[in-house]
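In: mind looking at a prediction? Sequence and model below.
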Amino acid sequence: MLKIAPSLLSADFANLEREIKQLHSLKVDMIHLDMMDGNFVPNITFGPDQIKDLRKTTDLFFDVHMMIQNPDQFIPKIVQAGANGITIHQEATTHLHRSIQLVKDQGVKVGVALNPATSIDSLKYVLDDIDMILLMTVNPGFGGQKFIKVIVEKIKETKKMIGNRSIDLQVDGGINEITAKECIQAGANILVAGSYIFNGEKEKNIRKLKEIQF
Ligand SMILES: O=C(CO)[C@H](O)[C@H](O)COP(=O)(O)O
Ligand SMILES: [Co+2]
């Protein structure tokens, strides 16, 4: 089933409660929270304290995309703050298997993210431990970047690797109604979209994504 995950990165940070309540009324499937440390990626966003405050505004699923070096130290804090799912970058941890187990121990969903130039090969060894794979369709760090088209092929290869396992395949970066269609046809089922949803009429943009036919 297709799921829509608006990224708060492009929301109005002076009115986050209002933005989240509107997304709730537009029946999105989850809220995508981009955590950045200025080290793994060249940008800084928010951490556990801010996520804890946002948690008070909604019961929507919080899908935390951790773009931080050495994620292990923050995993318990992010879960305590209210995350329902945590996605860690393979490139940000030396011991991917251990980091995955740490998230699982906290009782929330676990995803592994790959940068555009990272091969899917190492996923093979953790496939039976994870709930989601996030394929970055831009280089992480900023909203509003251009979709990297070569990743469509990677989506197809990843979908094949997943086989009949119940693992969600999420895409993130440069998603609009055109690129979303290509990703869905290739096998993705969760669309993260920031600038496309927030720049303009949210209701119309979310509807357009939901209406994409397979
Ligand atoms: O992880 C991210 C950036 O690193 C964001 O989720 C992503 O870029 C969403 O923004 P947009 O849809 O505007 O590309
Ligand atoms: Co993201």
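Out: It's in. Numbers count the residues shown, from 1 in each chain. Ligands and ions are numbered 1, 2, ... in the order given.

In: longest helix in the chain, by residue count?
Out: helix 151-162 (DSSP state H).

In: what's it in contact with?
Out: 116, 120, 123-124, 127, 133, 135-137, 169, 171, 182-183, 186-188 (C-beta atoms under 8 Å, 6 or more residues apart in numbering). Quick note: C-beta positions are derived from backbone N, CA and C, even for glycine.

In: which one of those residues has the most neighbours?
Out: Of all the contacts of helix 151-162, the highest neighbour tally under other C-beta atoms under 10 Å goes to residue 171, namely 31 neighbours.

In: whichever strand or helix holds it pairs with which strands, and in what direction?
Out: With elements taken from DSSP states H and E, the one containing residue 171 is strand 168-172. Paired strands of strand 168-172, with direction, are strand 132-136 (parallel), strand 190-193 (parallel) (DSSP bridges).

In: now for the following helix or strand past that strand, which elements pack on it?
Out: Next in sequence after strand 168-172, counting helices and strands by DSSP H and E, comes helix 177-186. Helix 177-186 sits against helix 151-162, strand 190-193, helix 202-210, with contacts defined as 3 or more C-beta pairs under 8 Å, 6 or more residues apart in numbering; DSSP states H and E.

In: now mean neighbour count, distance to residue 33 and mean pLDDT too, for the ones you listed, in JSON lines please.
Out: Listed next are the helices and strands packed on helix 177-186 as JSON lines, based on neighbours: other C-beta atoms under 10 Å; distance: least, C-beta to C-beta, whole Å; pLDDT from 0 to 100:
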{"stretch": "helix 151-162", "mean neighbour count": "17", "distance to residue 33": "22", "mean pLDDT": "98"}
{"stretch": "strand 190-193", "mean neighbour count": "26", "distance to residue 33": "10", "mean pLDDT": "98"}
{"stretch": "helix 202-210", "mean neighbour count": "16", "distance to residue 33": "17", "mean pLDDT": "98"}
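
In: that'll do, ta.
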